[in-house]
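Engineer: Give the three-dimensional model of this entry:
(4 chains)
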2 protein chains.
Amino acid sequence: MTRTDPEALAFAQHDHGACAADALDYARGVCEQQGLRLTPVRERVLQLLLESHNALGAYDLLEKLKADGLGSQPPVAYRALEFLVAHGFAHKIERLNAFVACSRTHSGHSPAFMICRQCHQVAEAHATLASGKLGQAAKSIGFKIEKTVIEAEGLCPACQGSGA
Amino acid sequence: MTRTDPEALAFAQHDHGACAADALDYARGVCEQQGLRLTPVRERVLQLLLESHNALGAYDLLEKLKADGLGSQPPVAYRALEFLVAHGFAHKIERLNAFVACSRTHSGHSPAFMICRQCHQVAEAHATLASGKLGQAAKSIGFKIEKTVIEAEGLCPACQGSGA
DNA sequence: TAATGTTATGTTATAATATTACATCTCCAG
DNA sequence: CTGGAGATGTAATATTATAACATAACATTA
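Structural biologist: Next up, the predicted model:
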């Protein structure tokens, strides 16, 4: 149940099948430890997210759930996503109204994302809770940060080469 | 056409009518200089955004435009917003799917926002293009950042007091 | 095991956000 | 005054998300 935790895995070469399988095992372990129920719908949604380095929309997921004989109505997907996000197994990419599996091994982080506008892959990095200047500004005016959304849009290394 | 540019104006006491009027004058000046057409719809949308320290959704704006005898269909609002965002007079808050007037005086900045989950006011701060760690991570893997979304959600000073 | 409470799922309906497509109008350059 | 570009008006529709309620699965304990 240990996992490596490199920066920006999505944009690097790796054995993706193994990476997804490991992550799923890891999630199962965490759920067992914490008494969380990784039900079939939830597990399948996580698996689908893990299989993709692209962010997936709720309706993309829903189609695949339907194909599996699981629920076919929006709340099914949204509820599974809510669970996964609440417990840190997935994140919502606000810019895209879509979701990615979390690629971290420790909880309590504040994630940051790099979104390639060309190939639509999304890589997760770590940010300090209140990244530099924003943290300062918040502190100086007395704003209490509870959650941060930090997303960078641009071109990944591969897409910069291929005539973007 | 000069404007002050304090941090997080929204959460501070100020003469809001004057602040909005100044900002509108400023925008008019910029448009004239740059040959941009601040048409009635666009100007009215900017004015509406400036009058509110809350983010406004496209349909909120649309209702008000309708009341003014301007267009009443979604594209009217979205087009005005597109113009305002493209030219830096407004920003979209991705977390809220809503829009705020820009409170800056110089272009080319990368804005950051503090969103109060209680009173829903939104304050704009400045961030360095690639705030700290994210910039580092991007650089190290060769991701080219074109745009950043940096939004912090939490409690503003006033709402921390009032039994949040 | 039956009764009960809680959590998760299924399903219908609808709300909220956003875009496409096309017709019309306005303004300015020529 | 006319042609073209940009802006607006409008209808239709796509996409994203939630509310509300019925049913099913699971856990506890009487």
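Engineer: The closest residue to residue A:97 other than its chain neighbours: neighbouring residues, count only.
Structural biologist: Leaving aside its sequence neighbours, residue A:97 sits nearest to residue A:57 (CB to CB, 6 or more residues apart in numbering or on different chains; 6.5 Å). For the C-beta atoms, the positions are set from N, CA and C on the backbone; glycine is no exception. Residue A:57 has 16 neighbouring residues, counting by other CB atoms under 10 Å in any protein chain shown.
Engineer: Surely residue A:57 is in contact with residue A:98?
Structural biologist: Yes. Under the criterion of CB atoms under 8 Å, residue A:57 makes contact with residue A:98 at 4.6 Å.
Engineer: would you list every one of the helices in chain A?
Structural biologist: With DSSP state H as the criterion, chain A has helices at A:16-34, A:40-50, A:58-67, A:74-86, A:132-141, A:157-161.
Engineer: Which of those helices comes out lowest on mean pLDDT?
Structural biologist: If you rank the helices of chain A by mean pLDDT, helix A:132-141 sits at the bottom with a mean of 87.
Engineer: by contact count, what packs against it?
Structural biologist: Secondary-structure packing of helix A:132-141 (3 or more CB pairs under 8 Å, 6 or more residues apart in numbering or on different chains; DSSP states H and E): strand A:144-155, strand B:110-116, strand B:122-127, strand B:144-155.
Engineer: What pairs with the first one, parallel or antiparallel?
Structural biologist: When you say that, I think you mean strand A:144-155. Next to strand A:144-155 in the sheet, as set by DSSP bridges, lie strand A:110-116 (parallel), strand B:144-155 (antiparallel).
Engineer: Indicate which one of those strands is closest to residue B:20.
Structural biologist: Closest approach to residue B:20 among these (CB to CB): strand B:144-155, 22.6 Å.
Engineer: Show me which positions of that closest one end up buried.
Structural biologist: Buried residues in strand B:144-155, counted by 16 or more other CB atoms under 10 Å in any protein chain shown: B:144-145, B:148-155.
Engineer: what do you get for stretch A:31-43?
Structural biologist: Within stretch A:31-43, the residues scored as buried using 16+ other CB under 10 Å are A:31, A:36, A:38, A:41-43.
Engineer: returning to that earlier point: what's the farthest-apart pair in the buried residues of strand B:144-155?
Structural biologist: Every pair of those checked by CB to CB; the farthest is B:144 and B:155, at 35.1 Å.
Engineer: Check the helices of chain A for me and report the most buried one.
Structural biologist: Mean neighbour count (mean count of other CB atoms under 10 Å in any protein chain shown) peaks for helix A:40-50 among those, with a mean of 21.
Engineer: and it with helix A:58-67, angle?
Structural biologist: 120 degrees (axes from the mean of the first three to the mean of the last three CA atoms, to 10 degrees).
Engineer: Helix A:40-50 vs DNA strand D: in contact?
Structural biologist: No. Applying CB under 7 Å from any atom of the strand, one finds helix A:40-50 separated from DNA strand D by no less than 8.9 Å.
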